[in-house]
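> sequence-free structure coming up:
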């Protein structure tokens, strides 16, 4: 073939010729320390309970949770985010199991902290939805609406019991106005200024939470659109970001990750604190389901989705593939 003139004079393909070349010029690199493993622990079970909508993920027993935490340390990931699943009869309108020092989440925090010490950041979901009989993230008023300020009182108590149980980091995820400031004050009142706050800053009302509802045995009636963000809005997330930082957030997060990479990029560009993103249950399940049918290459798809999240600006990624992906990278 004859090449006319000097074109193409610039050949970007030269930097894609071999795996070593592509690795050398890569602009984004994944590392095990990027990852945080979300994990569920269920009260009153003697064996792990598979989550049908999330193949490969289970509701742990206390013992298997400790094993998962030890494996996370060995894989080199940074943290484990714990979600408690109480026995159904312990749920009530106020979510009191969530603030019981002997509730499943607090017990699990103590278990994991005893197992791994400071080798892994032990993180706790600070929300009431797993513990309420109505499944909402807060307490309800007489008309059945989530009462923002009454919920903040519950979050303050929850922060204190989680800190006492050993949480290095608490993650207020309910999207109540003022939640970060209240949690920061509550921690200060018990002398736990050392506990970090990972703010669920931009948490959208998403269809992709579906499998998570099974994972935590959710009792949700209705939806969460009056407190989680609307998928149509972007600038609103920056307002939430400014408020969380003003109130004392140490780290901020966007959830879900994949459908909101534009929001993640805006947040990462705007701040100088660590930014996390949560690759949620629906994102996980779509890849696993398509891979099971042979429609996509599972391993490549996992790393591609994680790379995209990091490329968009996430310092850390909460993903159910955390331990597996870390082992692959190592």
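Here it is on my side, so go on. Keep in mind it's a predicted model, so treat the numbers as computed, not measured.

> just checking, what packs against the longest helix along the chain?
Looking across the chain with DSSP state H, the single longest helix is helix 148-165. Judged by 3 or more C-beta pairs under 8 Å, 6 or more residues apart in numbering; DSSP states H and E, helix 148-165 is in contact with helix 104-116, strand 121-126, strand 169-172, helix 179-189. Where C-beta positions appear, they are placed from N, C-alpha and C, glycine not excepted.

> OK, contacts around the residue lying closest to residue 150 once chain neighbours are set aside?
The shortest distance from residue 150 to any non-neighbouring residue, by C-beta to C-beta, 6 or more residues apart in numbering, is to residue 139 (5.0 Å). With contacts defined as C-beta atoms under 8 Å, 6 or more residues apart in numbering, the neighbours of residue 139 are 93, 94, 95, 128, 132, 146, 147, 150, 151, 154.

> so the second one sits against residue 134, correct?
Right, residue 94. No. Using C-beta atoms under 8 Å, residue 94 is not in contact with residue 134, being 10.3 Å away.

> so where is this protein shaky, pLDDT-wise?
For the chain, residues meeting the criterion pLDDT under 70 lie at 1-5.

> which parts of it are strands?
Under the criterion DSSP state E, strands of the chain are mapped to 35-42, 49-50, 58-60, 79-85, 121-126, 169-172, 196-203, 251-255, 275-278, 316-318.

> redo the helices and strands packed on helix 148-165 as TSV? Include distance to residue 163.
Below are the helices and strands packed on helix 148-165 laid out as TSV (distance: least, C-beta to C-beta, whole Å):
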stretch	distance to residue 163
helix 104-116	9
strand 121-126	9
strand 169-172	7
helix 179-189	6
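
> and these: which comes nearest residue 250?
strand 169-172 (8.0 Å; C-beta to C-beta).

> residues touching that closest one, excluding its own?
Under C-beta under 8 Å, 6+ apart, the answer for strand 169-172 is 79, 81, 121-127, 155, 159, 162-163, 179-180, 183, 187, 195-200, 251, 253.

> what does stretch 103-110 give?
41-43, 62, 65, 82-86, 90, 97-98, 100, 122, 124-125, 130-131, 161-162, 164-167.

> ok, of these, which come out buried?
Applying 16 or more other C-beta atoms under 10 Å to those, the neighbour count classes 41-43, 62, 65, 82-86, 90, 97-98, 100, 122, 124-125, 130-131, 161-162, 165-167 as buried.

> right, and residue 258 touches residue 306 too?
No. Residue 258 is not in contact with residue 306 according to C-beta under 8 Å; the separation is 10.1 Å.

> okay, those two: which has more neighbours?
residue 306 (24 against 20; other C-beta atoms under 10 Å).

> appreciated, that's everything.
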